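**Q** I would like to see how this sequence folds:
(chains A and B)
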There are 2 protein chains.
Amino acid sequence: MTEEPGWKDSELGHPPCSMGCGHKDDKAGLASSQIASFSHQPPSTPASKEVWKKGGRMFSILLAVHLALLACTLVSSGAFEKIAVHDYDVFFLLTVMMLIVIIWIIFYLAGTSRCPGAILGKDSHAGPIWLRGGLILFAIFSLVMDVFKIGYYSSFYSCLSAIKIIYPIVQAIFVVVQTYFLWVSAKDCIHVHLNVTRCGLMLTLTTNLAVWMSAVTDESVHKAHSKLKKNMTEEIFRWLLKVGMRSSSVEECNCNSQICQIFKNGYFWLYPFNIEYSLFASAMVYVMWKNVGRFIDHHSHHIQRLKFKLFRRTFFVGIMLGLIILVSGLGVLILYEVQVNSSTESSKKSQALTMYYIFNIVCLSLMSLVCIGGSIIYRFDKRDMDRHKNPTRTLDVALLMGAALGQYAISYYSIVAIVASTPRDTISALNLTYALLMIAQHTFQNVFIIEGLHRQPPKEDCKHESHQKDLYGLTFVNINAVSLRVPDTGSTLATGAASSMEAMHASDLVRSLTAPKKMNWRRKFLREISMFLLLSNIILWIMPAFGARPQFDNDTELNFYGDSMWPAIVDICLPFGIFYRMHAVASLLEVYIMS
Amino acid sequence: MTEEPGWKDSELGHPPCSMGCGHKDDKAGLASSQIASFSHQPPSTPASKEVWKKGGRMFSILLAVHLALLACTLVSSGAFEKIAVHDYDVFFLLTVMMLIVIIWIIFYLAGTSRCPGAILGKDSHAGPIWLRGGLILFAIFSLVMDVFKIGYYSSFYSCLSAIKIIYPIVQAIFVVVQTYFLWVSAKDCIHVHLNVTRCGLMLTLTTNLAVWMSAVTDESVHKAHSKLKKNMTEEIFRWLLKVGMRSSSVEECNCNSQICQIFKNGYFWLYPFNIEYSLFASAMVYVMWKNVGRFIDHHSHHIQRLKFKLFRRTFFVGIMLGLIILVSGLGVLILYEVQVNSSTESSKKSQALTMYYIFNIVCLSLMSLVCIGGSIIYRFDKRDMDRHKNPTRTLDVALLMGAALGQYAISYYSIVAIVASTPRDTISALNLTYALLMIAQHTFQNVFIIEGLHRQPPKEDCKHESHQKDLYGLTFVNINAVSLRVPDTGSTLATGAASSMEAMHASDLVRSLTAPKKMNWRRKFLREISMFLLLSNIILWIMPAFGARPQFDNDTELNFYGDSMWPAIVDICLPFGIFYRMHAVASLLEVYIMS
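**A** Below you'll find the predicted structure:
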């Protein structure tokens, strides 16, 4: 993990280079708008460029919104059998979007990023190594999925429209190009071709989201067909027919050969990785978009000094407990899948459901307790809150809060259905407990993660080299901040504060000699907690991502809400719930490293 | 509209009063966190209070999210006949929520706001007179609606559950109390009982949103039953039976008397006002919540000097054109309603649809052109951008962008359906044009309004008294800002800037003597434009709010998406589209006053 030194603010005054690579309008705008606000004189050109900076942002957002809505319309229409929008319409749109994105990325890598002065600084928070590592992992699985897809469709090439084979090929190229692009450029704060870059990034974001929507819909349709209508095979057949056959030669268009079946099952099993890939890429592209034209100040360099030491001074309790949960969860999942899918007996099914719910209730209770414990430890934590600008963290928090809504909604609908339904058996009681614990666990975990993300990293590692610098940097900044806020008494307060700072500084040194033992005890606990939560979230991601759907295997909600409303609720909300788990894993890794 | 002088920042150092009315923890936290950041010493109690400020916010958001989700679950379940959640379950929840809010408001008005030092400053942007005036107007109509509702339900009191009568009574009390509360306190920046106030405000917000959801759902169900199933009267009857009858005496539970019919029709006609009331109240409560514990700086006082002069120096072109559109729109609406509802002939129906679409196409084209013109004028406008913190404006922009998504979604689904459907007649062509123009008009209007809201108000009115102050205030702030950004060359740049500011100031004075004629010409145009758009938006609000549903009268989309998906799309998205129009009216009024 090699980090370039950050873009110092003092370099702001450098003469702008004009090598024919576009104008650095944000820089000019920034400087001029500051000068302009000295007086009430209306500034001329640079101010209108500053206006156009906002215009460029707004334009790219509008582009993304309209494209996303169009894709959403086509994808949701394509999901229904009786609507005359076919999935190859969707594939056509997605292929075109991906091709445009590939062209833009090549333009960016070959043109924009090589301009002199294009990348003046890097955002050290953006694209940390574990996120990029995860991206590459998911990219590899996505490529395998694409190979399976190509293999599956080429089994009956003659009776398919060409786009069904072109789509996975283009998607494979797209995954390779985009992964390279994000690996290389995730931290860039670009300063040339601002508007083209903004639009290109928004197009990339929208394409990823559209691919995500398409994959989620495809998977839901597949699950619905294979689960709810297991006995109606001709229905699937009819659906497959509608979905892409163009000739009437039904016999040869069937997936009968063994290899074809392997391809088909393989690509449906690999869908979760492709889904996560799209979401990871979307998050990284969004942070890049936020960083276009941004100047980095030197505060953002705390984190880069932290190294990822997995097994540093822990009691291994968290990891061991987490691994136990993980392994037993895998066992429960396999048992559950086998019992629910193979047998049609209701007693076997209810046995499997009971096992699934009990495992989840135990797991969620433990996690909730641990999160509460962690939040209490944070309440007594004396570290400073970190309030610097950090688009990555803002996005993390927003995604955690937003994605949790998906699981909340499912749980609330479950609770209402169980409470209002009359036959109250053991399964219903377990389901109710499960739904309530799901709500509680999401809430407590969000509180814990958000508190953790807003802490300053521990200072001991970088105490010696950074102390002197911080003293100057922060003192300078804060005297200004105070004098900004208190114009009348500014000077006196500033001097008073400066002298009190000296006193505090002395007491700080004293404290740092006495306190570390207690601090370490707390931090060890936090590390145990975050490692345990991380592993638990992985198993709670695996279970729904690889096919466990107690929401459909349990009849209560299905009978209460009916065959159309309940699948709609689950199919719309569950992808967010699954994304929540994966995103919580990434955030918990960050909390682990920072504590 | 009496405005108290704003809370000056220099008063930050006043000793906090402790009169037993709670602690001003935000103030203490603010001051201490500034001092704390001078050194790396961990601050003790005040910092944990600062943490708890965020904790209080997060707790109130969590409360709101969970309540809103619960209400959403119940309301959406109650809308379906076959689901065993009845609308009196929903009414019960809403009644309890409203009673809690009423108690909190009384506590706030009698207790919190009377504490010494409770309200140190007022946010002059919050709750402007036209918003509060609109609120009172809608409140009056809501009260009339409640009276109608009480009258309707008391016509067959014997066979209803009591909650159906209690609900409108409690709602009437709620409307009166809340309107008084918002009229008196909309501008408050409260500094005592912070956490209780935050939770109380979030509860009020959630209650308003829940009432809104319930009203929208109720209206959609009513419309669906009276439009789609006009010939199946026994269906409505069965629905009414399910909805709240508790005895089997069907005869006396029927709404046969004339007065009962009047009550019933009356309250459904007045629903749009109640819906808007809830949304207006929500927006104002949200701004109050953002303002809890906020300190106001003196920049926020530009707007209060502006007076609302309706007919100041305009050419009346905008108003006249707008009034023509408004009156002809009312005519079109009445004709449309009569023709569509009374006759079953398809030729009459298609005639009405043609008329409706043509009117809308003309109106939307005009509005789009005018918005483009306005945006071009803004592009040449030399006024400063206003970048001060302003929760009201941030909310306005977010609501405009968010609410437009509703109409966008409907339009995109329409476009896909029309393009993919085979019989392409005149109505389809008109519908397609209408959908495309709807998207264009929303986009252009949003751009125009957002540009308008971000301008500084004109300076000539307050030039004399404010010039001197601004010179000091802004200069002081900006030298600091520059020295913050450019630590090394700060001092030289600051002096340079100060001297260039003198020069600019001189040229400003010269310009202000020569420029006003041209400026006035632009501003007059902007005023014409915003007044025309305002009146056009009113008629585009009235049409869908009072029952025009071309989405259902035109068969294309209904046949394409089916009887369940298309109504779901329209019923979920249209309320946002309607809200967009009303909100655009409020924002355009602000643009008109500021230009």
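**Q** quick check, the strand or helix carrying residue A:368 touching chain B?
**A** Using DSSP states H and E, residue A:368 sits in helix A:346-379. Yes - interface with chain B: helix A:346-379 contributes residue A:379 (Cβ under 8 Å from any Cβ of the partner chain). Every C-beta, even on glycine, is put in place using the N, C-alpha and C of the backbone.
**Q** Which elements pack onto whatever helix or strand comes next after that helix?
**A** Per DSSP H and E, the first helix or strand lying C-terminal to helix A:346-379 is helix A:391-420. Judged by 3 or more Cβ pairs under 8 Å, 6 or more residues apart in numbering or on different chains; DSSP states H and E, helix A:391-420 is in contact with helix A:271-291, helix A:426-453, helix A:555-594, helix B:45-78.
**Q** by contact count, what packs against the helix holding residue A:368?
**A** So helix A:346-379, by 3+ Cβ pairs under 8 Å, 6+ apart, packs with helix A:317-342, helix A:426-453, helix A:516-545, helix A:550-553.
**Q** Which of those helices has the lowest mean pLDDT?
**A** If you rank those by mean pLDDT, helix A:516-545 sits at the bottom with a mean of 84.
**Q** Give me the distance from that one to the chain's centre.
**A** Computed by Cα atoms, centre = their mean, to the nearest Å, the chain-centroid distance of helix A:516-545 equals 19 Å.
**Q** Against which helices or strands is it packed?
**A** Using 3+ Cβ pairs under 8 Å, 6+ apart, helix A:516-545 sits against helix A:271-291, helix A:317-342, helix A:346-379, helix A:426-453, helix A:555-594.
**Q** how about the second one: buried residues?
**A** Going back to what we said before, that points to helix A:317-342. Neighbour-count burial for helix A:317-342, counted by 16 or more other Cβ atoms under 10 Å in any protein chain shown, picks out A:318-319, A:321-322, A:325-326, A:329, A:332-333, A:336-337, A:339-340.
**Q** Same question for the fourth one.
**A** Along helix A:426-453, these residues count as buried under the neighbour rule (16+ other Cβ under 10 Å): A:427-428, A:430-453.
**Q** Check the last one too.
**A** Of the residues in helix A:555-594, those buried by neighbour count under the rule 16+ other Cβ under 10 Å are A:556-558, A:560-561, A:565-594.
**Q** Those residues also near chain B: which ones?
**A** Counting by Cβ under 8 Å from any Cβ, A:560, A:561, A:565 from the buried residues of helix A:555-594 sit close to chain B.
**Q** Name the nearest residue to the second one, sequence neighbours excluded.
**A** So the one you mean is residue A:561. residue B:83 (6.0 Å; Cβ to Cβ, 6 or more residues apart in numbering or on different chains).
**Q** Near the closest residue to residue A:157 other than its chain neighbours, how many other residues are there?
**A** Nearest non-adjacent residue to residue A:157, counting by Cβ to Cβ, 6+ apart: residue A:165, 6.7 Å away. Other residues lying near residue A:165 total 17 when counted by other Cβ atoms under 10 Å in any protein chain shown.
**Q** Would you mind listing the residues in contact with residue A:165?
**A** By Cβ atoms under 8 Å, 6 or more residues apart in numbering or on different chains, the residues touching residue A:165 are A:150, A:153, A:154, A:157.
**Q** Correct me if wrong, but residue A:189 is in a helix.
**A** No - Residue A:189: not assigned to a helix; according to DSSP: H, G, I helix; E, B strand; the rest coil it is strand.
**Q** State whether residue A:378 and residue A:453 are indeed in contact, as I suppose.
**A** No - using Cβ atoms under 8 Å, residue A:378 is not in contact with residue A:453; the gap is 11.0 Å.
**Q** contacting residues around the residue nearest to residue A:381 when sequence neighbours are not counted?
**A** Of all residues not flanking residue A:381 in the chain, residue A:522 sits nearest, at 6.5 Å (Cβ to Cβ, 6+ apart). Residues counted as contacts of residue A:522 (Cβ under 8 Å, 6+ apart) are A:377, A:380, A:381.
**Q** ok, now residue A:183?
**A** Neighbour list for residue A:183: A:132, A:135, A:136 [criterion: Cβ under 8 Å, 6+ apart].
**Q** List buried members of those by neighbour count.
**A** Among the contacts of residue A:183, those scoring as buried are A:132, A:135 (criterion: 16+ other Cβ under 10 Å).
**Q** any chance of the contacts of residue A:183 in JSON lines, with secondary structure too?
**A** Putting the contacts of residue A:183 into JSON lines (three-state DSSP) gives the following:
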{"residue": "A:132", "secondary structure": "helix"}
{"residue": "A:135", "secondary structure": "helix"}
{"residue": "A:136", "secondary structure": "helix"}
